[in-house]
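[1] no sequence for this one, just the structure:
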């Protein structure tokens, strides 16, 4: 059970970018269709990735088991904790989107958050810029996250 509830460290950057592209696609579809079902899939994906990495995430499994090893065929290892933090930000956004659409029928808030999530996913998938990782770096720098959380991330501080 302990192995199930773990996040990989390191993470293949290409797998993370592939998942981000799928999140971008799903976010846009959720925005276009204002679909509670699509928002539920988005929410579940982030929850699964925060708790287990790719192990229970359909997008994570597709990226790590099929797309990256068989199509992209590249590996660039990066620290896992900043990627998990980025997934946590996505989880917070996606749960708010899900609640806004399903419970409160407040599509304006959901649409704004879907646009923000789409921008973050675009930056990660297309440009290779992880906004959550960027914030994580500063949280470590300002000692809001202890260095012990991410010994592998200490190199990020000097960049």
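    Sure thing, it's come through. Keep in mind the model is a prediction, meaning the values are calculated, not measured.
[2] List the buried residues for stretch 100-119?
    The neighbour-count check on stretch 100-119 (16 or more other CB atoms under 10 Å) flags 100, 101, 110, 111, 113, 114, 117, 118 as buried. Placement of C-beta: from N, CA and C, glycine included.
[3] actually stretch 56-68, sorry about that
    56, 57, 59, 60, 62, 63, 64, 67, 68.
[4] give me the low-pLDDT residue ranges for this protein?
    Counting by pLDDT under 70, the low-confidence segments of the chain come to 1-2, 152-159.
[5] give the contact list for the nearest residue to residue 30 once chain neighbours are set aside.
    Residue nearest to residue 30 in three dimensions, not counting chain neighbours: residue 38, with 4.1 Å by CB to CB, 6 or more residues apart in numbering. The neighbourhood of residue 38, defined by CB atoms under 8 Å, 6 or more residues apart in numbering, consists of 26, 29, 30.
[6] Throw those into CSV and include distance to residue 88, secondary structure and neighbour count, thanks.
    Putting these into CSV (distance: CB to CB, whole Å; DSSP: H, G, I helix; E, B strand; the rest coil; neighbours: other CB atoms under 10 Å) gives the following:
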residue, distance to residue 88, secondary structure, neighbour count
26, 18, helix, 22
29, 23, helix, 14
30, 19, helix, 27
